[in-house]
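Asker: got a predicted model here, sequence first, then my questions.
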Amino acid sequence: MSNTNTQQSKQGDLPRAGLLRRVASLLYDIFLVTSIWFVLGYLIQFFFGIENNQIINGQIETNPFIDGLYFSLMVSSSISFYGWFWVRSGQTLGMLAWRLRVVSLNGNPLTLSQILVRWCSAWPAFFVFGLGYFWIFLDRKGDAFHDKLSKSKVIVIPKSQRPF
């Protein structure tokens, strides 16, 4: 049996990640994604200037084009951040720190369609009072709602398995 097949079979036996570990990992990643968004905001201000922002009647008004551009850059950078890490190793930096890995149900790395489904369903799962994450307590395997939709699972990596 090859080393890749051995790792995949071992990953199938690893426990699912609990809610606290997932939230801690997500918090780490939120700091990283937010810093990317700050850089994008700075670059937009640098290229388009600050005159696109005006204070009118005590409220900040911005150019709708700039708003749309910034929003689309935020979404695409967030998808790229998670997608790049999940395709490469199944671990973002926050997941690496908390020894988590996301894999397909069969133990293989996520496909692009799984990444898109997972990312698009994780946002509502979080922002609707976290109900998608609390699904972990209802599911017999301990999967969150977006795990089910993307046909993936988040597993806890043992301390003995070094990431690099």
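Answerer: Done, it's in.
Asker: name the helices or strands packed onto the longest helix seen in the chain?
Answerer: Taking DSSP state H as the criterion, the chain has its longest helix at helix 19-48. Helix 19-48 sits against helix 64-88, helix 93-97, strand 100-104, helix 131-134, with contacts defined as 3 or more C-beta pairs under 8 Å, 6 or more residues apart in numbering; DSSP states H and E. Heads up, the C-betas are built off the backbone N, CA and C, glycines and all.
Asker: now the most far-flung residue of the chain relative to its centre. Its backbone dihedrals?
Answerer: Largest separation from the mean C-alpha position in the chain: residue 57, at 38.1 Å (C-alpha atoms, centre = their mean). Here is the backbone geometry of residue 57 (degrees, to the nearest 10): phi 50, psi 40.
Asker: ranking the helices and strands packed on helix 19-48 by burial, who's on top?
Answerer: Comparing the helices and strands packed on helix 19-48 on average neighbours per residue, with mean count of other C-beta atoms under 10 Å, the densest one is strand 100-104 at a mean of 22.
Asker: averaged pLDDT, the helix or strand following that strand. What do you get?
Answerer: The element immediately downstream of strand 100-104 (helix or strand, assigned by DSSP states H and E) is helix 112-127. For helix 112-127, the mean pLDDT works out to 91.
Asker: in space, what's closest to the residue nearest the centre of the chain - neighbours in sequence excluded?
Answerer: The chain has residue 82 as the residue nearest its centroid, 4.7 Å off, counting by C-alpha atoms, centre = their mean. Nearest residue to residue 82 in three dimensions, chain neighbours excluded: residue 119, at 5.6 Å (C-beta to C-beta, 6 or more residues apart in numbering).
Asker: separation between the one you found and residue 150?
Answerer: 9 Å (C-beta to C-beta, to the nearest Å).
Asker: tell me which of these two has more neighbours.
Answerer: residue 150 (25 against 18; other C-beta atoms under 10 Å).
Asker: the spatially closest residue to residue 27 that is not a sequence neighbour: what's it in contact with?
Answerer: Excluding the flanking residues, the one nearest residue 27 by C-beta to C-beta, 6+ apart is residue 94, at 7.0 Å. Going by C-beta atoms under 8 Å, 6 or more residues apart in numbering, residue 94 touches 24, 25, 26, 27, 28, 29, 32.
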